[in-house]
Each structure stands twice: as structure tokens, then as C-alpha cells.
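>>> test case, fold it:
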Amino acid sequence: MTVRIRAVQWWVRDYVYAAKRQMRALTSRSRPGGFQTGDLCPVVIIPGIYETWRFLQPLITRVRDAGHPVYVVGKLSWNTASVPDAARYVANFIADEHLTGVVLAHSKGGLIGKFVMIENDADARIVGMIAVAAPFSGSGYARYMLAPSLRSFAASNEHITGLNKNTETNRKIISIFAGFDPHIPEGSALAGARNIEIKTGGHFRLLADWRVADAVTTALADLGQSPRQHQR
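Modelled structure (predicted):
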């Protein structure tokens, strides 16, 4: 099988997975409170653009089953706000819930999570971030997008260039990504971070890959499986 054919197959499988997952997310009756159980450090979920937290539900379930209470930021909704605004929503949620823990982010969520750690975490509540398929260096496809919210992923976008100027925070980030990402040709490797490449292709379907789930739970252990720290 040629590389080109394999890439096309990964593109198709990725869109098929995303469509099915969106339908399941829309019809899901799961409530956020049902995932807030466990004695290990809390995990705050930041989905990608046009995703609600339910899009990440297979991975959320795995994290909860590993003993981590999982929290979702309801105000993010479909995550169409700008990176700074979304980061403020996340920071306010963490402060309001009196949480100290780990951020688990997908795609755009990785940019938001890093922005929070740099600009909105004066109390050092975020131990670290696990990012899956995050466009840390932007995407070369962004310039062809019609929606401004998608064009903002261009490498020249001020938020992406601004985040890349800060490399100190990268040491607190674990970046997990596929060998081939249909939406981020530049990849998600981040200098100074712990980079984990999964030998497959995908951007969305990566969320359901058992190897990603294993990498996430292992990363959580590395970041510290201390009892959850929050006060009400």
C-alpha cells in the first residue's frame, strides 16, 4: 500500500469517526457530574473547536475508570470562543471549583490549556497538561478555511506565535499525536515537552485509540497520582 493511499484512507476514517462521534455526543444523556468520582488528581477537560465535552466521552470514561474525577467546563459549550476568552472560562472554572490537577485537551484545547498555564494560573493550580493532536505550530490548511474561527489556526496567528514564544511552560506538557494528522500537517511535537507519537493516522479517531488512552493514564501517573485536592 502506498503512502498516498494510506493517507487517503486515514482521512476518510477520521471523518467517518468524527461524524459518528458527533451524533453520539448529540444524543448522549450523560451528565458531567457522573464523571466526578475517584480519589486521584482531578482532570479538567478542554475539547477542540466545534466539540462539546461529550465528543471526548470514550477517553473521559477511561480516565474516570482509572480513578480520576473528571470535570468539564460547561461555558465552553462548542468551544468557538477565542483562545483568550476560552482560557478565561477554564481558569475561572478551576478557581470556582477549587481544583488543583491536570488539564486534558484535544486539538484547539491544547492552545487554550497552554494559554491558561501562561496567563491565567497565578496560583499554580494546573500541575500539567496532556494534549492530544494539538496544533501548537498551527496548521497549513487554516488559510484555506472560510470560517474565521478555523483560519485562526494559521501559524502566523498572534495567539499561536505568542504561545510559541513561551517555551518554559512546555516542560509541563505531554503531547500525544498520530504519525499522520489529516488536519495538522506540521504535527504536534512541541520542543521541551514530552512528545508521544502513536503509529497511526488520525486527528479525531485518535481519541478512541486504546494506545492513546494508555498513554494518557500513564501520563497522569507521571504527573502525580496524588489524592484529589479540592475544597468546597
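
>>> report the contact partners of the residue nearest the centre of the chain.
When C-alpha atoms, centre = their mean is applied to the chain, the residue found nearest the centroid is Ala105 (1.7 Å). Residues near Ala105 by C-beta atoms under 8 Å, 6 or more residues apart in numbering: 45-47, 112-113, 129-132, 134. Quick note: C-beta positions are derived from backbone N, CA and C, even for glycine.

>>> go on, Thr161?
Ala155.

>>> go again with 10 Å.
For Thr161, the contact set (C-beta atoms under 10 Å, 6 or more residues apart in numbering) comprises 137-138, 154-155.

>>> which among those residues gets closest to Thr167?
Ser137 (12.5 Å; C-beta to C-beta).

>>> sec struct for the closest one, please.
coil (DSSP: H, G, I helix; E, B strand; the rest coil).

>>> quick revisit: neighbour count and pLDDT for the contacts of Thr161 - can I get that in TSV?
Listed next are the contacts of Thr161 as TSV, based on neighbours: other C-beta atoms under 10 Å; pLDDT from 0 to 100:
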residue	neighbour count	pLDDT
Ser137	20	94
Gly138	21	92
Ala154	18	92
Ala155	15	90
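
>>> if we can go back for a sec, narrow the contacts of Ala105 to those in strands?
Among the contacts of Ala105, the ones falling in strands (DSSP state E) are 45-46, 129-132.

>>> from the residues you listed, which is closest to Gln57?
Ile45 (9.6 Å).

>>> that closest one: neighbour count?
24 (other C-beta atoms under 10 Å).

>>> what does Glu158 give?
9.

>>> Glu197: helix or strand, and which one exactly?
Element membership of Glu197, judged by DSSP states H and E, is strand 194-201.

>>> if you count contacts, what does whichever helix or strand comes after that strand end up packed against?
Once the chain leaves strand 194-201, the next helix or strand it forms, by DSSP H and E, is helix 210-224. Judged by 3 or more C-beta pairs under 10 Å, 6 or more residues apart in numbering; DSSP states H and E, the packing partners of helix 210-224 are strand 43-46, helix 57-65, strand 99-106, strand 126-132, strand 173-180, strand 194-201.

>>> could these go into TSV alongside distance to Ala7?
Output for the helices and strands packed on helix 210-224, formatted as TSV (distance: least, C-beta to C-beta, whole Å):
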stretch	distance to Ala7
strand 43-46	28
helix 57-65	24
strand 99-106	21
strand 126-132	20
strand 173-180	6
strand 194-201	7
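
>>> looking at those, which is nearest to Gln36?
Between the helices and strands packed on helix 210-224, helix 57-65 lies closest to Gln36; by C-beta to C-beta that is 8.3 Å.
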